[in-house]
Each structure stands twice: as C-alpha cells, then as structure tokens.
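Q: any chance you could fold what I've pasted below:
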Amino acid sequence: MSMPQARPSPTLTASEDADLGAALSARVAEAAARGEPLRLVGGGSKDALAQALSGARLDLSGHRGILDYAPSELVMTARAGTPLAQIEAALARSGQRLAFEPPIMSPASTLGGVVAAGLSGARRPFAGGVRDAVLGVKILDGRGRILRFGGTVFKNVAGFDAFRLMAGAYGCLGVLLEVSLRVAPAPQTTLHLAFEEAWPRAKARLEALLRRPVPVTGAVHDGAGLLLRLEGPDHGVRALAAELGGVVDNSEIWEALRQRRYGPHQAARLWRVLIPRRADTAELEGLAEAPLLRDWAGAEIWLASEASADRVRDAARRIGGHAALHRGARAGEAVFPPLAPAVLALHQRLKRALDPAGVLNPGRLYQEL
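A: So this is what the prediction gives:
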C-alpha cells in the first residue's frame, strides 16, 4: 500500500505579511508522525553554513510581519520570516538599531535566520551578541506544539533561559515563529579611523584603549592596518578621534565586513576561529593563505587556509580557542569542532526533549543531533 503524500510547506508571496503558525504546526506534526526529516529554510542566505541541509523543505519565509514595536521601551517582536531589511528600516525610522549588528549575507536574510545562526557583527565585544538581545521566542517543537519562552522584558523568568538556546541552534531545537528583541538607540555620531600599523603595534594600542571607557564599537585588523569605529555622543567621539589621530576613513569597509565580502571572506575555504584576544596567533598565521582578518578586537579570526581540519583545530585549541569551517568543507568533514562527551550528551538530551522524533534539521549541527 502506498504511503500518503506529505503536504507541501505553506508559502506566501514575498510581499505579504501573514501568520502561518497553524499551517506550519500541522506540517511539523505530520512530519513527526511519519518520521519525515524537515529542512528549515527562510531566506536561504545561510544554507551554506553549518552541515548540509537535508529532508523535505519547510519554507518559513511567508511567516512574516512586525507584531509589536515600542520604541520607548526598546523592544520589538516580529515573526521569524520577516526580512532583516524590514526590521532595520522600521528601527531606523525611530532612530534605533540592532546593537549586535547581524551579518547581512543576502537581501533575503530573515530575522529567524539571524537568530538561528547566532551570528553577530563587529559590535559583538562592545554591545553583546544576538543571544544577549533575544528576550523571548515563540517556537514549534518537534511535535508541532507551540511553545513560548521568555517575554518582552530583560528580567523575565518565563521559561528561564530556554529562549537563548535558540540562538545558534540552527533550527535543531525548534522552528522559530516569533522573536522578541531588545533594540538600542542609534549613535549621535559615527567616525571611522584607519592606522597603517602591523598587528603587534595595533594590539598594544587596543589593549591600552580598551582599558578605558571609550566610545569604540569596532576594532578590526586586516593585515595592513587597524580600523577603528567610534560611535556615541558627538563630543566624546570627536574628542577621542582628535586624541588618537589616524586617517578618517569611510564606512565602505565596515559594510563589506558586515556582508562577509572583505579580504579572506572571499576565500574558497574559510575558517572562523575564536580565541582569547591576547593569544599568540603565530601558528595560525603559518597556516594562512592570506593575511589574517582579526575582528572583535582580535578575538575573532577569519583564516583562509587549505590546511586540514585537524591542523587548524589543533592550532586553535593550543591557544585556548576553537575553529569552525565557514566555507569549503570537504566530503565527510565536520564544520564545527567536536563536542566533549558530557557536552554532547547534554545536547542530545535537549534534542530529545524538544524534538523526540528528530525531524527538525537533523545533522545540521552535528551528525549525532
């Protein structure tokens, strides 16, 4: 006897704002009953990140729209399929922004994709990451049940911190339906400075600078020089710029950094390495095909390298960091560093609790999940 055909994912045209929660819930419940894996897709801009997607497509892009925005409260709630461009345009009209500066890899990038990937831009060490901005979420678990965690205020114990687990989970723990975010005022003044100096000198400059309460919101070294972004009240920004000197630069480089198209970002095989900011990077430099791109004041390294995963990860581990493949994984190669057995067991318990049939993005983070 033939199996009944699974219903297609609910979709809408890109111009519509609508609630597809009920239809998505029914589709997930059906998949769980059938044991049918689902691959969660929003704007598709991050499909190449993490392990390869597999399973029947669950299109989330039609589930979109800003539900609530209170500029005076610095809080916004929107459906997960809402384009990031729409979110940022609404914030800009009120003189506000997302403090964690989410990378924009495509005009189709969605709020849900930004949260699910857990990626933050150059402001991360100065303003916090995406996980710090999320106040609450509404999700579908692996049974198709609608669950709410958190709320719309910072001190909220509803669901404890379960909502933060969705940031960086790549959809393995639940289908994001709605996200409530803390937003921030846009700065009065922004200046970009450039200094032609090698990393050792730039590193010393940064160490002295970051001991002070200064309006720095970006610190990047591209192999040729140090790039600083100053943001805040006009007087403070201009006073620090006059003190530091350097060349006043434009914002084009910062936009290229945000869009992941600067320097080694173009490499066919690209590593993202997170390390202690003061770590010695000589071994990583020895593996590099191009100058290291150091973001987050030196804590985030973009490494273009054809070296094996073992060599890169061992080098990162020896200096207290870890490395993930951003692009160019070879056949059978894991994108993320292996988890310690106890940590993997905890991940598996969370997966079983929220997705007992294992239908949501199976293997997207690790094969064991």
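Q: poorly predicted segments of this structure, please.
A: Low-confidence segments of the chain, defined by pLDDT under 70: 1-16, 152-160.
Q: domain ranges for it?
A: 1-186, 189-258, 263-327 (automatic domain parsing).
Q: reformat those as a markdown table; add mean neighbour count and distance to Ala340.
A: All C-beta atoms are positioned from the backbone trio N, CA, C, and that covers glycine. Output for these, formatted as a markdown table (neighbours: other CB atoms under 10 Å; distance: least, CB to CB, whole Å):
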| stretch | mean neighbour count | distance to Ala340 |
| --- | --- | --- |
| domain 1-186 | 19 | 17 |
| domain 189-258 | 16 | 30 |
| domain 263-327 | 18 | 11 |
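Q: ok, which of the ones you listed comes nearest Ala345?
A: Ala345 lies closest to domain 1-186 among those, at 15.4 Å (CB to CB).
Q: how much space separates Ala184 from Leu91?
A: Going from Ala184 to Leu91 by CB to CB, to the nearest Å gives 9 Å.
Q: common neighbours of the two, please.
A: Common contact partners of Ala184 and Leu91 (CB atoms under 8 Å, 6 or more residues apart in numbering): 97-98.
Q: could I get the contacting residues of Ala92?
A: Contacts of Ala92 (CB under 8 Å, 6+ apart): Ala186.
Q: from now on call the first residue 28
A: From this message on, residue numbering opens at 28, which makes the last subject Ala119.
Q: shouldn't it be within a strand?
A: No. Per DSSP: H, G, I helix; E, B strand; the rest coil, Ala119 lies outside any strand segment and is helix.
Q: grab the nearest non-local neighbour of Ala75.
A: Nearest non-adjacent residue to Ala75, counting by CB to CB, 6 or more residues apart in numbering: Arg354, 6.6 Å away.
Q: that neighbour reaches Ala295, doesn't it?
A: Yes. Under the criterion of CB atoms under 8 Å, Arg354 makes contact with Ala295 at 7.0 Å.
Q: nearest to Pro389, out of the domains of the chain?
A: domain 28-213 (5.0 Å).
Q: let me see the backbone angles for the residue nearest to Ala75.
A: The phi and psi values for Arg354, taken as degrees, to the nearest 10, are phi -160, psi 150.
Q: who's it bridged to?
A: Leu297 (DSSP bridges).
Q: wait, what's in contact with it?
A: Listed by CB under 8 Å, 6+ apart, the contact set of Arg354 reads 75, 294-297.
Q: how about a cut-off of 7 Å?
A: Residues near Arg354 by CB atoms under 7 Å, 6 or more residues apart in numbering: 75, 296-297.
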